[in-house]
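In: can you look at this prediction? I've put the sequence above it.
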Amino acid sequence: MSAPAEYRHEPTMPPLRLWRRWVRTVLTMLVISVSIAATTCPECWRDGHRMLINFVMTTAYTFGLWITNGYAVDWLDRYVNWKREPLKRLLLTIVVSLGGSLLVIIAINFCFLVLYRGYSPAEMWAPGAWMRYVFPLLFTSIISLVLHSRSFLLGWREAVVRNERLQKEMAQAEAETLRQQLDPHFMFNALNALTSLVEEEPQLAVRFIRQLSQVYRYVLDARGRDVVPLAEELEFAESYLFLQRIRYGEALQAELPAPESVPPQAVVPPLSLQLLLENALKHNAASASQPLHLRIELDESGQHLRVRNTLRARRLAPDESTGIGLHNLTARYRHLTQEPVLIARDEQEFVVTLPVLELVV
C-alpha cells in the first residue's frame, strides 16, 4: 500500500524563543572558542597579538563548522529520514558533514594565509600544512556526532510518541466503529420498514432482506481489516442507501460514481462511507418537498473521494450523537497516510474529502 509522500510540518518558532536560542548558541560557541584558544597555544599567553589571532581563528572555525553542520542536519531531516532510510542517511551525513566542513576549513585558511598574511595560495598545500586541516576535521567530527546524534534521538522520540498516539487513536476509532456497526437504531428502523414491506410489497421485502444481509455480511467481513477495495466500499454504500431509501422514500436522493470509474487498486478504510452517510442522515432534516441530496464522487485522478450532502441541520437529542465520528475517521486515516481528511461546509453544503490509497501487490 502506498500513500502520498510523507511530510512533516515544522511549526514556526516564536521570535522571543528563537532569539533566546541564538543567544545560547552564540554564548556556547564563545565559551568553546575561548577554551580551545587557551589550551591549544600556551605560548600565546605571552603574546597578546598571537592570542588574538588564535582566538579569531578558533572562533571562525567553531562558528563556521557549527553552522555548516547545523544546517546540514536541518536539510537532511527534511529530505532523508533516519527511520525510513538509515543507510542512505548515514552515508549522506558523512559526505555532507565532512565535505561542507572541509570547504569551510579551506575558506578560513585562504582568508588567513592568502588575504591576511599575503602568502601564495600554494602555501595552503605546502608539506606540513596537513595539521591545519586534520585538527579542524577532527573537531568537526565531534560537532557532527553531537548534532546528528541529537537529530537521531529527537526523531526516534518523535516516532515513539507518534506511534503511541496513533495506537491510542486507532483503539478509540475501532471502539467507536464497533459501536456504530452494532447501532440498534439502524436495525430497529430496518425491521420496522421490513414489517411494512412484508405486508404491502412482498417482492420488495425479499430484496430488502437480501440487501440487509449484504450490509451485515460486509460489516462482519470488514472487522480487523485496515483497508478494503474502494469498489467493495461503494457496493456496500449502495446497499446501505437502498435500505435508507425504503425508509425515507422521496426525501432521500443519492448519487454514486459508476463502477467502471473506480480504479481496481484503490482502497479506503472500511466503513468510512457508512459513517459519513449515517452522519448526513442523522444531522440533517429531509422531506419529500425538501429532499436530502447525497453525492459520492471520485475525482478524475482517482485519488480523492468526496461525500457531499445538502446542509439542513436539525437539532439532535443529547444522547443521539457522540460527536466523535469524524474525529475517529481522521484518526484512522492518520494511521495510514499523512494526507489529511478535509472537511468543509458552507450555508448550503457539507463536504468531506477522503484520500484514496493505492494497494500495491
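Out: Nice, thanks for sending it over. Nothing here was measured: the structure is a model prediction, and the numbers come from that model. Residues are numbered from 1 along each chain as shown.
In: where exactly do the helices run in the stretch 251-361 of the chain?
Out: All helices of the stretch 251-361 of the chain, identified by DSSP state H, counting those that start in this stretch, fall at 272-283, 325-334.
In: return the member of these having the minimum mean pLDDT.
Out: Looking at those, the lowest mean pLDDT belongs to helix 325-334 (a mean of 81).
In: mind listing what's buried in that one?
Out: For helix 325-334, burial by neighbour count (16 or more other C-beta atoms under 10 Å) applies to 325, 328-334. No exception for glycine: its C-beta is placed from N, CA and C like everyone else's.
In: including distance to residue 218, could those residues go into JSON lines?
Out: JSON lines is the format used below for the buried residues of helix 325-334 (distance: C-beta to C-beta, whole Å):
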{"residue": "325", "distance to residue 218": "18"}
{"residue": "328", "distance to residue 218": "19"}
{"residue": "329", "distance to residue 218": "17"}
{"residue": "330", "distance to residue 218": "22"}
{"residue": "331", "distance to residue 218": "22"}
{"residue": "332", "distance to residue 218": "17"}
{"residue": "333", "distance to residue 218": "20"}
{"residue": "334", "distance to residue 218": "24"}
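In: out of those residues, which is nearest to residue 295?
Out: Using C-beta to C-beta, residue 329 comes nearest to residue 295 of these, at 18.3 Å.
In: what's the local residue count around the residue nearest to that closest one when sequence neighbours are not counted?
Out: Nearest non-adjacent residue to residue 329, counting by C-beta to C-beta, 6 or more residues apart in numbering: residue 275, 5.7 Å away. By other C-beta atoms under 10 Å, the residues close to residue 275 number 21.
In: following element in sequence after the host helix or strand of residue 137, please.
Out: Per DSSP states H and E: residue 137 is located in helix 131-181. Going down the chain from helix 131-181, the next helix or strand is helix 184-200, by DSSP H and E.
In: could you tell me the angle between that following helix and helix 272-283?
Out: Comparing the axes of helix 184-200 and helix 272-283 via axes from the mean of the first three to the mean of the last three C-alpha atoms, to 10 degrees yields an angle of 80 degrees.
In: which of the residues in helix 184-200 are buried?
Out: 186, 190, 193-194, 197.
In: from the chain's centroid, how far away is it?
Out: Distance of helix 184-200 from the chain centroid (C-alpha atoms, centre = their mean, to the nearest Å) equals 43 Å.
In: same thing with stretch 286-296?
Out: 35 Å.
In: and stretch 56-76, by the same measure?
Out: 30 Å.
In: confidence score at the nearest residue to residue 45 once chain neighbours are set aside?
Out: In this structure, residue 45 finds its nearest non-sequential neighbour in residue 51, 6.6 Å apart by C-beta to C-beta, 6+ apart. On the pLDDT scale, residue 51 is placed at 77.
In: just residue 318 next, same as before
Out: pLDDT at residue 318 comes out at 59.
In: again with residue 143
Out: With respect to pLDDT, residue 143 has a value of 65.
In: could you do residue 301 as well?
Out: The model's pLDDT for residue 301 equals 85.
In: what do you get for the one 5 residues further on?
Out: On the pLDDT scale, residue 306 is placed at 94.
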